[in-house]
Structure formats: structure tokens, C-alpha cells
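Asks: A predicted structure for the sequence below; I have some questions about it.
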Amino acid sequence: MRQEKKMRQEQKMVKKQFASIMVLGALALTSQVAQAAIVTDNFNTADTTNLGDNLATRQSGTAAPSGYTEETDTQNTIDGNKLVKTGGGTLTLNTNLVSYLGANKFSVSVELDVDVGGTLGWTSMSLLSATDNTRGKSPFSFFARDNQAAVSLISIGYGTGSAVNTLNLNAVAINTALGISTFSTLDNHTYTFDATGSSATAGTFDFLIDGTVVANDLAYSFSDATSRTISWVGNNATIGKFDNLSVIPEPATLGLITAVGAGLIWIRRTFTI
């Protein structure tokens, strides 16, 4: 009897240890998936006019690695480990992101510093659809001016595709939001759309600079659910230096967390009895 009791206790202890290992493994998996990026590009390669150079390494860990399509290839280079966008030609990330975004929570983020080009100089990044296929039609875009005396330094496109609204942020508004006194688009900053999709075409986003919300709960509504591509364009007076592009689900985890939670309950019930 004592021997049998001892064996049952040992078996129970082994099952508990196994359950603990399974729980830790499941939680680690959840954490890793939560951080998985749809697209990232750090642009770390030797200076080049070939935007496809060293692409696999630059986009390592990306779920949907992508090349680029250039309207005018002489206007885009990689220099100093940054994407350098010059002139008015459009540059587009080839991956169609529509199946990754939709009614999900996600972020689109990029670092940018602008070179002085003139009082009307600007550079931009936008999320486009098949119908809303230019910066001016996109309800999910921003552009930065190079003139620090301009009425607005950052302009955000939101609202309805092809009939968008524009929110203009001047230096005073940005300084107040960030708690600083000397914001300049000529310096390197991180610009982020933190979005919550409500359907395949619509949702809301907060716009952040260096991790701080400067505009919140802006609605967006695209005209179609056919495609979502990232596009850059500027005018001939301005150079935009972009870095560390990322499109990240936050979380493509909700469904996973639910599944993992159910799995953990099953593990505990199965192996701790």
C-alpha cells in the first residue's frame, strides 16, 4: 500500500511538472507571435541605388517579405542605412497587406528625418487601396514639411477614401503634446499609426510621434477591400530619409490568446488530476 501511494504521488508530481513546462512553453509562444511583424525593413546595407539589395537580411523575421516598385528609380536610394526618397516619383511596397489588416489591431511605423528643400517642401507615407491610390485620396497617411516656420509641420490624412480630411499639426501643438520646446522634422523621429480595424475597410487610428499620441481616434474608411499597399511620395524640393519600417499586428494575438487559454485549461485538467 505504501509503495502504491508513493508511486501515485510521484506520478502526480511528474504530471504537475509537465503541466508547468507546457504552460511556460505556451506563454512563450504567445509572446513570440504577438511580436511577429508582417513587414519590417531596417534598410541596413551598403549604399546603393538597388532597393532590393540585401533584402532577405534587412527584412529578416518578416511574415510577408517584400520588394519595392519605383516610378522613377533615380529618385530612390539607400544611403547611410536609410531609404532616401527624393523628388515626386511614387515608391510602393509590393506586398498587398489587405489580408493581414482588415478588422484587426495593427500598427504602421517608420522613422523619418527631412532634409531642407524649401518653403513648400514635403515628403509622405500613405496606406493606399486599389481605389484610393494616391496620397491625396488615402484616409491613412501623413506628410512632413521641411520648413520649420510652416503653419503645419505634420499633416495627417483621415476620414473617407478619395474625400479625405486633413489634420494639420503646427510646432506649438506638437511641442505641447510631446512636452518639449523645439520639435523639428529635420531631426529623426518615429511616426506611428496605431490602428484598430472594425471591418475590412474601416476603423480608427491614433497617430504617435516618438511613442506619444498627438492625434487620437481618427476614423478611416477605404473605398475597397481589394488591396492595401504602403507608398511614399514627395515633391521635387525635399529629401525624406526613412528608416525602420514596420507593420505589426497588435495582437494578431487575440485569437491566439483565446486558443492558448483554452489549451492551458485542458493541460491543467488533464495533467494535474
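Replies: On my side now, so go ahead.
Asks: all contacts plus neighbour counts: C-alpha atoms, from now on.
Replies: Fine.
Asks: show me where the stretch 51-200 of the chain has helices.
Replies: Here the stretch 51-200 of the chain has its helices, by DSSP state H, counting those that start in this stretch, at 55-58, 171-178.
Asks: go through the ones you listed and name the closest to residue 233.
Replies: Using C-alpha to C-alpha as the measure, helix 55-58 is the one of the helices of the stretch 51-200 of the chain that comes nearest residue 233, at 21.2 Å.
Asks: ok, residues contacting that closest one?
Replies: Defining contact as C-alpha atoms under 8 Å, 6 or more residues apart in numbering, one finds that helix 55-58 is touched by 40-45, 65, 67.
Asks: ok, 6 Å please
Replies: When contacts are defined by C-alpha atoms under 6 Å, 6 or more residues apart in numbering, helix 55-58 is touched by residues 41-44.
Asks: OK, contacts around residue 63?
Replies: Shown here is residue 63, whose contacts under the criterion C-alpha under 6 Å, 6+ apart are residue 38.
Asks: gap between the residue nearest to the spatial centre of the chain and residue 221?
Replies: For the chain, the residue lying nearest the average C-alpha position, counting by C-alpha atoms, centre = their mean, turns out to be residue 108 (2.1 Å). Using C-alpha to C-alpha, to the nearest Å, one gets 16 Å for the distance from residue 108 to residue 221.
Asks: rewinding a little: which of the contacts of helix 55-58 sits closest to residue 181?
Replies: The shortest gap between residue 181 and any of the contacts of helix 55-58 belongs to residue 42, at 29.4 Å (C-alpha to C-alpha).
Asks: now for the closest one, how many residues are close by?
Replies: The number of residues packed near residue 42 is 20, by other C-alpha atoms under 10 Å.
Asks: check residue 169 too.
Replies: Close neighbours of residue 169, defined as other C-alpha under 10 Å, add up to 18.
Asks: same check on residue 89?
Replies: Close neighbours of residue 89, defined as other C-alpha under 10 Å, add up to 18.
Asks: next one: residue 166
Replies: Burial of residue 166 is recorded as 15 neighbouring residues (other C-alpha under 10 Å).
Asks: could you find the closest non-adjacent residue to it?
Replies: The spatially closest residue to residue 166, leaving aside those adjacent along the chain, is residue 157, at 4.7 Å (C-alpha to C-alpha, 6 or more residues apart in numbering).
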